[in-house]
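Q: Requesting a structural model of the entry that follows:
(one chain, ligands or ions: 1)
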Amino acid sequence: MPSSRPDVMDKLVSLCKRHGFIFQSSEIYGGTGSVWDYGPLGVELKRNIKDHWWRAMVRSRDDIEGLDAAILMHPRVWEASGHVAGFTDPLVDCKTCKGRFRADALADARCPQKPSKRPGEWEACDLTAPRQFNLMFKTFMGPVEESASVVYLRPETAQGIYVNFLNVQQSTRQKIPFGIAQIGKAFRNEITPGNFIFRTREFEQMEMQFFVEPGTDMEWFERWKAERMTWHLTLGLDAERLRYHQHTKEELAHYARAAYDVQFDFGGTLGFQEIEGVHNRGDFDLTRHQEYSGKKLEYFDQPTNRRYVPYVIETSVGADRVTLAVLVNSYREETVDGETEGRTVLGLHPSLAPIKAGVFPLVKKDGMPEFATALAADLRARFPVFYDESGSIGRRYRRQDEVGTPFCITIDGQTAADQTVTIRERDTLRQERIAAVAVGDYILERITR
Ligand code: GAP
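A: This is a model prediction of the structure:
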């Protein structure tokens, strides 16, 4: 459903390229379909988001352990998980325009030759019957390309956690309820990718599987549903742009007993879309892996002397999709009192901003560049800073506003006399004069949560 908020996607794509956040993959060869590369600022932003998730989900808790499982797994894993048989989308081709569409999403698609119509609605459209298309990328392990050596690029990180459930539980001596979390790449040969980094063929997931005693699963499901929404708010996403969507029976994935999406309003025609899924997967995955591997994946509960297959509550969020939500949420164009030229700002939460401070000498003389360079080097040991001496001071401020830098420090004529600098805050435009030696602590206090 279209949103009442403006569509900023095209402006964002252009800003991201201009400032080195995100580039199209293999651009000099004409690009790779729906695959993107993160540039110097983008990699910092996404890393800050992933670090924030890791801190909240692993480091600050004693009931969740971290894991980094391999992308390539035994092919039987994907038979057990149901992905070989069921991870499919119905695909239709148009023999006229050679377009490819998801048969179950024709209502949201446009005919490439007649964009006012949906595929199949225009007289020249010639759609094939739907056929099931598996979204997993296949490759071969070893030198021989034969069916016996087929392996898949994982379409979700979750399975790496399930197959390691007992390894982690026994090595850490965790007791149920406890969770295992990981961040890693996932791959899906999406039929209709698009909307920049919203739906891509290679992306990163931040997933956590929480193992609980059967019967307590719905209580934990509700707890994780609430906890994950709170996390999105701590990123600085506006509360009015976030909501839950409960899956209907028809929408539930093959493994899910209950599911909620956390949705974010991306504005424009995209509107509210899923950024995270919270799923009650019951004992589906562990039971299937027991069956297919022939190995027991039971938990032994010492106090009650009972063995059981735990139920799983999963929280699954896309690092790229959240990065896009953060960018969309923070993008704004505004006028500034007393200035004719407006400004574009990324109002990123200071802890997520790729650069924490810009350091500028007011002019390139009178010892100002030397003082500023030394201050920048000093601060760089504590957080990322950007030194800039080119162009007018106003232009330098604008450049940092556009990439979300929360503070700019200017070294001016007074600095040499009293060792003070001005520090300007991105959102309020307030300027304060403080001692140069106090700048590091001043900024650190404001960028750490
Ligand atoms: N393990 C469960 C699972 O993978 P999902 O709803 O298919 O569930 C979870 O995916 C999250 O992964 C989504 O909410 C989204 O943020 C991200 N995601 C899924 N497919 C994606 C794609 N093609 N491009 C970018 N992010 C994607």
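Q: Enumerate the residues of the stretch 201-350 of the chain near the ligand.
A: Residues of the stretch 201-350 of the chain lying close to the ligand by Cβ under 6 Å from any ligand atom are 203, 205, 207, 274-277, 314, 316-318, 320-321. Yep, even glycine has a C-beta here, placed from its N, CA and C like the rest.
Q: Please enumerate residues in contact with stretch 93-107?
A: 89-92, 109, 111-113, 118-120, 124-128, 130, 191-192 (Cβ atoms under 8 Å, 6 or more residues apart in numbering).
Q: Whichever residue of the stretch 301-449 of the chain sits closest to the ligand pairs with what?
A: Using Cβ to the nearest ligand atom, the single residue of the stretch 301-449 of the chain nearest to the ligand is residue 318, 2.5 Å away. Here residue 318 sits in beta bridges with residue 205, as judged by DSSP bridges.
Q: Go ahead and confirm it touches residue 200.
A: No: using Cβ atoms under 8 Å, residue 318 is not in contact with residue 200, being 9.1 Å away.
Q: Who are the packing partners of the biggest helix by length in the chain?
A: Longest helix in the chain by number of residues (criterion: DSSP state H): helix 217-234. If you count contacts as 3 or more Cβ pairs under 8 Å, 6 or more residues apart in numbering; DSSP states H and E, helix 217-234 packs onto strand 202-212, strand 242-246, strand 258-265, strand 272-282, strand 311-318.
Q: Just the closest of the residues of the stretch 201-350 of the chain next to the ligand to residue 66, please.
A: residue 207 (11.6 Å; Cβ to Cβ).
Q: wait, isn't the closest one in contact with residue 161?
A: Yes: the pair residue 207 / residue 161 is scored as a contact, 7.0 Å apart, by Cβ under 8 Å.
Q: if I pick residue 257, what's in contact with it?
A: 217, 280, 281, 282.
Q: count of neighbours near the second one?
A: Here the neighbour count serves as a burial measure; for residue 280 (other Cβ atoms under 10 Å) it reads 24.
Q: next one: the one 3 residues further on
A: Using other Cβ under 10 Å, the number of residues around residue 283 comes to 18.
Q: Just give the nearest non-adjacent residue to it, would you?
A: Nearest residue to residue 283, sequence neighbours excluded (Cβ to Cβ, 6 or more residues apart in numbering): residue 309, at 4.5 Å.
Q: per-residue confidence for that neighbour?
A: Looking at residue 309, its pLDDT is 98.
Q: Next, count neighbours for it.
A: 20.
Q: got it, and residue 91?
A: Residue 91 has 17 nearby residues by other Cβ under 10 Å.
Q: Show me what the helix or strand harbouring it pairs with in its sheet, parallel or antiparallel.
A: According to DSSP states H and E, residue 91 maps onto strand 88-93. Strand 88-93 pairs in its sheet with strand 100-102 (antiparallel), strand 131-134 (antiparallel), by DSSP bridges.
Q: Surely residue 387 is in contact with residue 376?
A: Yes: using Cβ under 8 Å, residue 387 is in contact with residue 376, at 4.2 Å.
Q: give me every residue that touches residue 386.
A: Here residue 386 is in contact with 355, 357, 358, 359, 376, 400, 405 (Cβ under 8 Å, 6+ apart).
Q: and those residues, which are buried?
A: Buried members of the contacts of residue 386, counted by 16 or more other Cβ atoms under 10 Å: 355, 357, 358, 359, 376, 400, 405.
Q: gap between the first one and residue 403?
A: So that's residue 355. 6 Å (Cβ to Cβ, to the nearest Å).
Q: The third one now?
A: With distances defined as Cβ to Cβ, the gap from residue 358 to residue 403 amounts to 9 Å.
Q: Just the C-alphas of the strand holding residue 91, formatted as PDB.
A: C-alpha atoms of strand 88-93 as PDB (Å, rounded to 0.1, in the frame of the first residue of the first chain):
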ATOM      1  CA  THR A  88      10.000 -21.700  -4.500                       C
ATOM      2  CA  ASP A  89       8.100 -18.800  -6.100                       C
ATOM      3  CA  PRO A  90       5.700 -19.300  -8.900                       C
ATOM      4  CA  LEU A  91       7.200 -17.700 -12.000                       C
ATOM      5  CA  VAL A  92       5.500 -16.600 -15.200                       C
ATOM      6  CA  ASP A  93       7.300 -15.400 -18.400                       C
END
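Q: Relative to the whole chain's centre, how far out is it?
A: With Cα atoms, centre = their mean, to the nearest Å as the basis, strand 88-93 stands 26 Å off its chain's centre.
Q: quick one on the thing from earlier: of the contacts of stretch 93-107, just the buried ones, ChimeraX syntax please.
A: To isolate the buried members of these in ChimeraX, using 16+ other Cβ under 10 Å:
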select :89,91,92,109,111,118,119,125,127,130,191,192
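Q: what subset of the contacts of stretch 93-107 is also close to the ligand?
A: Okay, of the contacts of stretch 93-107, nothing touches the ligand (Cβ under 6 Å from any ligand atom).
Q: Having no further points to raise, I will conclude here.
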